[in-house]
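Peer 1: got a predicted structure plus its sequence, pasted below:
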Number of protein chains: 2
Amino acid sequence: MSGEAHFHAGTLNTHVFDAAIALQPLRENVFRGCTSPAYRNMVGPYGGITAAQALNAVLLHPERLGHPVALTVNYAAAIADGPFDVVARPARTNRSTQHWTLEFVQAGQTVLTGTALFGLRRETWGADEQTMPEVALPAEYPVQQWDRPGVKWLSCYELRFVDGGIPPVWNGQDQGESRTRLWMRDDPPRPLDFAALTALADVFFPRVWRRRPLMVPVGTVSMTVYFHADAAMLRATGSDYVLGQAQAQSLRGGYFDQTAQMWNRAGRLLATTHQMVYYKE
Amino acid sequence: MSGEAHFHAGTLNTHVFDAAIALQPLRENVFRGCTSPAYRNMVGPYGGITAAQALNAVLLHPERLGHPVALTVNYAAAIADGPFDVVARPARTNRSTQHWTLEFVQAGQTVLTGTALFGLRRETWGADEQTMPEVALPAEYPVQQWDRPGVKWLSCYELRFVDGGIPPVWNGQDQGESRTRLWMRDDPPRPLDFAALTALADVFFPRVWRRRPLMVPVGTVSMTVYFHADAAMLRATGSDYVLGQAQAQSLRGGYFDQTAQMWNRAGRLLATTHQMVYYKE
């Protein structure tokens, strides 16, 4: 394939995340992306890196107006290892908002659909109503160690579970709740930006595994990220940890939802995110 | 315009909601819709009826597989009174899931973008983790009366606020929270289905008005609905009231989010929904 020079994970100067989300312009509204071995999941890539690639197409687009406000991606099919086309079309540009449609195409088939809303933000009255839970500092919680060599993307994050961590026993007993809280950041650390925040939104392990410890088959089918942070707030966060909290509201008939929040250490709510996840059994 | 016979609000046999979401097939993947005077908002139509029209295009599509699982609509521009085209394209059909892209076009311009996920549901282990709040029966709360003759759609719903209702005083004082709970149903009553549930998801008044009673300009820019109910659960709900609960998580820089839940009287979580809303000041 053309453009392999853009996917240079492992060079001295490029963070593995930037290498993974790199896109090469092909023609108007179309970029070439490629799966990253570093972010491989059990089947196909980690959904967070795919969402970040989708957002990056808009970030790189010459007609982009402003910064991300909302992103929805639908995982229509597993992405095979290798290249794919990312189609990002500015469907509507207003004075202060811009609406995008997104599609990933691989081997002539749609493998992702999505939409994004970008906008110019202005100063207004404001408040964080969903306040950060009171937890101890990141160093108080051990770094999660993994025993799943096939799930490569876990090595790209430093996760420190506060509560609701990976079940110690997979006994299928209903735990009565699915909430998880954890400190998290890229590994190696990397200054937070909109793409990295998008990828972090998918870092929580499946809520059905937390609620009822059984490794049933799962797959996120749709994810939405609402960006509350502006660029200055992300810069202020830098490469520091982000506190994440995730919980299911309903699990039924083969699908469960997840609602989640992400704060920086100063307690600012950077993003809220939701997903719908397919599960079996 | 052609097809006006489809928009026969007020006949004896057609509920105003069904008349409003009616669509006429034009050609492959394209339907003709029309704004409904009954669901008029201050500027353009009520967002809930627009979302229901978008869903209805998939429901009516001859290639549809299964029932709604997730829907995202982005309100790209105000829809002018009159007809518009609804484009619903099956982007990917799998064995048990189907991904759709949605677009409304009026006068050659995109006025809505969206995506939908439909699927075949199967019996699995399940739980409603977000349990219904303990509130009194609908009859214990008065029917909300309105003094806003320009906002027609309010007459299409019977709303009984439990708490967090319309501010009695518009004094701009920070209320410290934005939560609202209410019983709600179509007026006149109509058996609940996926389209009506979608429209109900937008029924909550703007959270920024609840948190800080000032009628600042607002407009929903993106809404997502996750369907937890299947068709049987909706049939069991019938034309009874639904309990809604909505709250903002963050209000900042000209946008706030809303996260909401909808239960039937039996306490089953029918849907969860999120939206991002533009506001000024």
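Peer 2: Nice, I can see it. All values reported here derive from a predicted model rather than from experimental measurement.
Peer 1: from here on, just use CA atoms for contacts and neighbour counts.
Peer 2: Fine.
Peer 1: I'd guessed A:Arg160 sits against A:Tyr141; true?
Peer 2: Yes. The criterion here is CA atoms under 8 Å, and A:Arg160 meets it with A:Tyr141 at 5.6 Å.
Peer 1: so between those two, which is more surrounded?
Peer 2: The neighbour comparison of A:Arg160 against A:Tyr141 (other CA atoms under 10 Å in any protein chain shown) goes to A:Arg160, with 22 against 15.
Peer 1: what mean pLDDT does the host helix or strand of that one have?
Peer 2: If you go by DSSP states H and E, A:Arg160 is part of strand A:157-163. For strand A:157-163, the per-residue pLDDT values average out at 98.
Peer 1: check stretch A:82-99 too.
Peer 2: Averaging pLDDT along stretch A:82-99 gives 98.
Peer 1: name the residues of that stretch that come out as buried.
Peer 2: A:83-93, A:97-99 (16 or more other CA atoms under 10 Å in any protein chain shown).
Peer 1: same deal with stretch A:108-118?
Peer 2: Residues of stretch A:108-118 classed as buried by neighbour count (16+ other CA under 10 Å): A:Thr110, A:Val111, A:Leu112, A:Thr113, A:Gly114, A:Thr115, A:Ala116, A:Leu117, A:Phe118.
Peer 1: how about the strands of chain A, start to end?
Peer 2: With strands called from DSSP state E, chain A shows them at A:24-27, A:30-34, A:67-75, A:83-93, A:97-106, A:109-119, A:127-128, A:157-163, A:180-186, A:218-227, A:242-247, A:250-252, A:255-264, A:269-279.
Peer 1: redo these as CSV? Include distance to chain B.
Peer 2: Listed next are those as CSV, based on distance: least, CA to the nearest CA, whole Å:
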stretch, distance to chain B
strand A:24-27, 21
strand A:30-34, 17
strand A:67-75, 7
strand A:83-93, 6
strand A:97-106, 6
strand A:109-119, 6
strand A:127-128, 4
strand A:157-163, 17
strand A:180-186, 14
strand A:218-227, 7
strand A:242-247, 9
strand A:250-252, 4
strand A:255-264, 7
strand A:269-279, 7
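Peer 1: and of the ones you listed, who's closest to B:Val208?
Peer 2: strand A:127-128 (9.8 Å; CA to CA).
Peer 1: mind listing residues that contact that closest one?
Peer 2: A:Arg268, A:Leu269, B:Gln249, B:Ser250, B:Leu251, B:Arg252 (CA atoms under 8 Å, 6 or more residues apart in numbering or on different chains).
Peer 1: quick one: low-confidence parts of chain A?
Peer 2: A:1-12 (pLDDT under 70).
Peer 1: what residue lies at the spatial centre of it?
Peer 2: A:Ala199 (2.5 Å; CA atoms, centre = their mean).
Peer 1: okay, now the residue nearest to that one when sequence neighbours are not counted: neighbour count?
Peer 2: Distance criterion CA to CA, 6 or more residues apart in numbering or on different chains; nearest residue to A:Ala199, sequence neighbours excluded, is A:Gly48 at 3.9 Å. Neighbours of A:Gly48 under the rule other CA under 10 Å: 21.
Peer 1: distance of A:Gly48 relative to B:Thr198?
Peer 2: According to CA to CA, to the nearest Å, A:Gly48 stands 27 Å off from B:Thr198.
Peer 1: brilliant, that's me finished.
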